[in-house]
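J.: would you be able to build a 3D model of this:
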Amino acid sequence: MTQSKSSNPLRAIMDIRREELPVALLMFGYFFLVISTFWILKPIKKPLFIGFYDETGFQLGSWVLRAAQAELLAKVLNTVVAAVAVVVFTWLSRRLVRQQLTVAFSAMFVGGFGAYAFVLGDPGALTVWSFYLYGDLYSTVMVATFFAFLNDAVAPQAARRHYGPILLGGVSGGVFGSAVLRLWVDSLSTQAWMGVCIVVAGLIALLARAAGRRVDATRRDDDEPSKADVAAPAPAKQQNPAFEGAALVFRSRYLLSVAVMVGLYEIVSTVMDYQFSATIS
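T.: Numbering: from 1, shown residues only. As a prediction, this is how the structure comes out:
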């Protein structure tokens, strides 16, 4: 006797229609590569930072911070960088759609990876700090860009079918990225890893372009206006990009709850990461 759709949990998770499969696979690959890159960058930037200050410490006025304490300061600076990134992301998202936003940010990170390939061989304090912040900036911007793309590309009625398999790409990317680095970390130099990140960023842009074309073609076939084809009328007055996202969060209990959960997660994650860094240092 065959199981019905409602009694088969695997079928409920993987219930993607044939015509939806190309976009789902492209978005799976997109998220897979984003998270893989993050897990390549994290084990490179953390030892680089900790190792740089492990013996001498970090001089901050009259204070001398240990390596793990200096990393806590870097995490505080990450919040400032993330706030600036939110403003830039909001400003660009008003002017670019779907694949255009992904291509723009991918090009930006390709340039950054190329620059770090030249300076990470003999890093100074500025390089160590900026690369630490740059690694977190990558995950902040590219994950936000991915979800903006996904929200625009997947219709609400199809989200339940798509999100599970697509987000599995992120989990798979984490496993793959950390496993590849563990196996090959001694075989490739840090500069070579920057080259790998450049190639992956290019692949992300190509996947985004392919997914965007698929979405546009589907919507044209369905006679549904696409953001890429029909420019939305400009509102009479737009909010400042620095405050638009915050205002939206505070108007919604749901978004405010998500913000609180993310904040609590970051607090716990920071404390555990400090304990880990202090222990290995």
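
J.: what about the helices in the stretch 151-281 of the chain?
T.: With DSSP state H, counting those that start in this stretch, the ranges of helices along the stretch 151-281 of the chain come out as 156-184, 190-221, 241-251, 253-280.

J.: so which elements touch the last one?
T.: Right, the one you point to is helix 253-280. Applying 3 or more Cβ pairs under 8 Å, 6 or more residues apart in numbering; DSSP states H and E, we find helix 253-280 packed against helix 21-53, helix 67-93, helix 241-251. Just so you know, the C-beta spots here come from the backbone N, C-alpha and C atoms, and that holds for glycine as well.

J.: what of the second one?
T.: Applying 3+ Cβ pairs under 8 Å, 6+ apart, we find helix 190-221 packed against helix 21-53, helix 99-119, helix 125-153.

J.: need the winner for burial among those.
T.: Comparing those by mean neighbour count (mean count of other Cβ atoms under 10 Å), helix 21-53 comes out on top with a mean of 21.

J.: just checking, what packs against that one?
T.: Going by 3+ Cβ pairs under 8 Å, 6+ apart, helix 21-53 lies up against helix 67-93, helix 125-153, helix 156-184, helix 190-221, helix 253-280.

J.: centre of the chain versus the last one, how much separation?
T.: This points to helix 253-280. On the basis of Cα atoms, centre = their mean, to the nearest Å, helix 253-280 sits 17 Å off its chain's mean C-alpha point.

J.: returning to that earlier point: G170 is nearest to which of the helices and strands packed on helix 253-280?
T.: Of all those, it is helix 21-53 that lies closest to G170, at 4.5 Å by Cβ to Cβ.

J.: which outside residues touch the next helix-or-strand element following the closest one?
T.: Heading C-terminal from helix 21-53, the first helix or strand you meet, by DSSP states H and E, is strand 58-60. With Cβ atoms under 8 Å, 6 or more residues apart in numbering as the test, strand 58-60 has contacts from 64-67, 69-70, 73.
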